[in-house]
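# Everything below, folded, please.
(one chain, ligands or ions: 1)
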Amino acid sequence: MTQLRSTRGEAGDGAPAPKTVSGSRGLLQAASLLFETGSADRSGVDFPEAQGLPDRLGGLRRKAPVGLVGLSEPEAVRHYVRLSQRNYAIDLGFFPLGSCTMKHNPRLNERMARLPGLSDLHPLQPASTVQGAFELMAELAHWLLELTGLDAVAMSPKAGAHGELCGMLAIRQALIARGEGETRKRVIVPASAHGTNPATAAACGFVVDEIGATEEGRVNMEALREKLGPDVAGIMLTNPNTCGLFERDIKEIADLIHEAGGYFYCDGANYNAIVGRVRPGDLGVDAMHINLHKTFSTPHGGGGPGAGPTVLSAALAPYAPIPHLVRRDDGALDLIEHAAEAAGQPFGRMCAFHGQMGMFVRALSYMMSHGADGLRQAAEDAVLNANYILARLKERFNAPFAASGPCMHEALFDDSSIRAHGLETIDLAKALIDEGYHPFTTYFPLVVHGAMLIEPTDTEPKAELDRFADVMIALADRAASGDQSHFKTAPRLAPVRRLDETGAARKPKLRWRPEEAFKHAAE
Ligand SMILES: *Cc1c(COP(=O)(O)O)cnc(C)c1O
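Next up, the predicted model:
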């Protein structure tokens, strides 16, 4: 909960921050909390006073007012529109945070998702009345299997992390079926892994065993060989990895893990860099989630739910969760809802129904409108754009793995070049906000100091990449000129200035109390 009104004072260094009588800045309106705008005795709708009805509440009638504020409709609309104008969006400008947060969501996807017959289905409708929706899910599953070269796909996981859980539960079930559920407990996870990987392995009852990276940012094969043994359940590996590099030894990694009796879980969050170029199934992957909301453009975060279908190899397919679709002899599709009806031994279910139908429609719409060649082109353009950023910025910002060759869809820099001028990654990120850019991914991956991970995505034109690179270079010049305060006091022009992020995380204010004078975090 953020107080926007109190943020327009003087900048911390005494530099004049725009101060207005109204609290608005230009046409950006001052925004108060709902509780400050409305009042408890106001209502947006007029209900007639109920007359002559018996009280059926059995003495449970509220004695004190509930304390919610009332607003007229225009006041409510303005409140949310003002808030939305403080939100940065991919539809507003370049987002160096990349597909990890949002890539462009073509409007065609939205039209398809709103089609009557797709948007107004109920998950409990009889199967005979939703054959079209089932066909759509089967078609999407077909594309996913064709693109990945794997054998089965669980459609129901609702995010990447949920898909990881699905894949690792399938691995656990396969080990139990082999009678090795108790003996194979160790899961190898590289140090550069996304935090969800070790968290998932631990949540499934495995023990996480970390391996380091080589100087060039890839899996250390020597370290991996040393870790293998009869207690290894598998490896969780992201490819392309979180340093933005393709793991060139991936086939050998798969062979080694299989020889040791384990399974290969691939974190597919970066699949958008290789779609149509290589099939994970051919690389020896046993399970991989696909973030439809990263690779296939469906909105997420503030824009909507994610979807994390998980593809499985022949070895894991029998353990896929329910529900799943099967085609009957008469051509109709049936939803297998119970383990007893399934051909394999499902480990259970991931969620109440079938998954994120709205996202399925958007992802299939994206795939069909791009076609096989268009999907490959999107992956190639994402990689090309990231390499353009790497090429333009590597003279001014240290790219620790630039010697390892071209990057995939993200360019990684560390903070050594700005640290020399007394600045940290966060200072640069905040200065970018004043320039109209949402910051890139900061401080991740952890394997480099003060990481800056820039992912431009496939849809940015060269002119936009140049504009961003010019700003980054100008900021590097400014840092080199010794103008530290420009960075340390940034952002100056944003609705809120530099916040005490640690305080906000450690001591979040979760309740608004009218009697408490609001103290702003840190300005
Ligand atoms: C985004 C991401 C995840 C998690 O996916 P969610 O859909 O956010 O749950 C896992 N691993 C990597 C490498 C990611 O980028």
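# can you pull out the helices in the stretch 51-200 of the chain?
For the stretch 51-200 of the chain, applying DSSP state H, counting those that start in this stretch gives helices covering 73-84, 107-113, 131-148, 160-177, 196-203.
# Nearest to the ligand, out of those helices?
helix 160-177 (2.2 Å; CB to the nearest ligand atom). In short, each C-beta sits where N, CA and C put it, glycine included.
# before we move on, back to that, so of the helices of the stretch 51-200 of the chain, which one's packed in deepest?
helix 160-177 (a mean of 25; mean count of other CB atoms under 10 Å).
# could you give the angle of that helix to helix 196-203?
40 degrees (axes from the mean of the first three to the mean of the last three CA atoms, to 10 degrees).
# need the residues of this protein near the ligand, please.
100, 159-161, 194, 196, 238, 242, 267, 269, 291, 306, 308 (CB under 6 Å from any ligand atom).
# between those, which is closest to Gly58?
Minimum distance to Gly58 across those is 42.4 Å, recorded for Ala159 (CB to CB).
# measure the closest residue to the closest one other than its chain neighbours to Val448 for me?
Spatial nearest neighbour of Ala159, chain neighbours left out: Gly306 (4.2 Å); criterion: CB to CB, 6 or more residues apart in numbering. For Gly306, the distance to Val448 equals 27 Å [CB to CB, to the nearest Å].
# again with Leu145
Distance from Leu145 to Val448, by CB to CB: 36 Å.
# In the stretch 251-400 of the chain, what residue comes closest to the ligand?
Relative to the ligand, the nearest point of the stretch 251-400 of the chain is Ala269 (3.1 Å; CB to the nearest ligand atom).
# Provide the secondary structure category for that residue.
helix (DSSP: H, G, I helix; E, B strand; the rest coil).
# And the strands in the stretch 151-300 of the chain?
Remark: strands assigned in the stretch 151-300 of the chain by DSSP state E, counting those that start in this stretch are 152-154, 186-190, 207-211, 232-238, 263-267, 287-289.
# Tell me which of those is the most buried.
For the strands of the stretch 151-300 of the chain, the highest mean count by mean count of other CB under 10 Å goes to strand 287-289, at a mean of 31.
# so how far is it from its chain's centroid?
Relative to the centre of its chain, strand 287-289 is centred 16 Å away, using CA atoms, centre = their mean, to the nearest Å.
# Helix or strand with the lowest mean pLDDT in this structure?
Ranked by mean pLDDT, DSSP states H and E, the weakest helix or strand in the chain is helix 34-37, scoring a mean of 84.
# Which strands and helices lie in contact with it?
helix 73-84 (3 or more CB pairs under 8 Å, 6 or more residues apart in numbering; DSSP states H and E).
# so what secondary structure elements neighbour the helix it packs on?
helix 34-37.
# quick one: buried residues of the helix it packs on?
By neighbour count on 16 or more other CB atoms under 10 Å, the buried set for helix 34-37 is Leu34.
# Just the CA atoms of that helix, as PDB, please.
Extracted in PDB, the C-alpha atoms of helix 34-37 (Å, rounded to 0.1, in the frame of the first residue of the first chain):
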ATOM      1  CA  LEU A  34      -9.700   4.900  -1.300                       C
ATOM      2  CA  PHE A  35     -10.200   5.400   2.500                       C
ATOM      3  CA  GLU A  36      -9.100   9.000   2.100                       C
ATOM      4  CA  THR A  37     -11.200   9.600  -0.900                       C
END
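# Next up, the contacts around Lys294.
Counting by CB atoms under 8 Å, 6 or more residues apart in numbering, Lys294 touches 99-100, 103, 160, 269-272.
# what do you get if the cut-off is 6 Å, keeping everything else the same?
Contact partners of Lys294, counting by CB atoms under 6 Å, 6 or more residues apart in numbering, are 99, 269, 272.
# Show me where the stretch 251-400 of the chain dips below the pLDDT cut-off.
301-304 (pLDDT under 70).
# and with 80 instead?
300-304 (pLDDT under 80).
# can you put the strands of the stretch 151-300 of the chain in TSV and add distance to Leu28?
Compiled in TSV, the strands of the stretch 151-300 of the chain are given as follows (distance: least, CB to CB, whole Å):
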stretch	distance to Leu28
strand 152-154	45
strand 186-190	44
strand 207-211	46
strand 232-238	39
strand 263-267	39
strand 287-289	39
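# Mind checking those strands for the one nearest to Thr489?
strand 232-238 (36.6 Å).
# Pairing partners for that closest one, with directions?
Sheet pairing of strand 232-238 (DSSP bridges) gives strand 186-190 (parallel), strand 263-267 (parallel).
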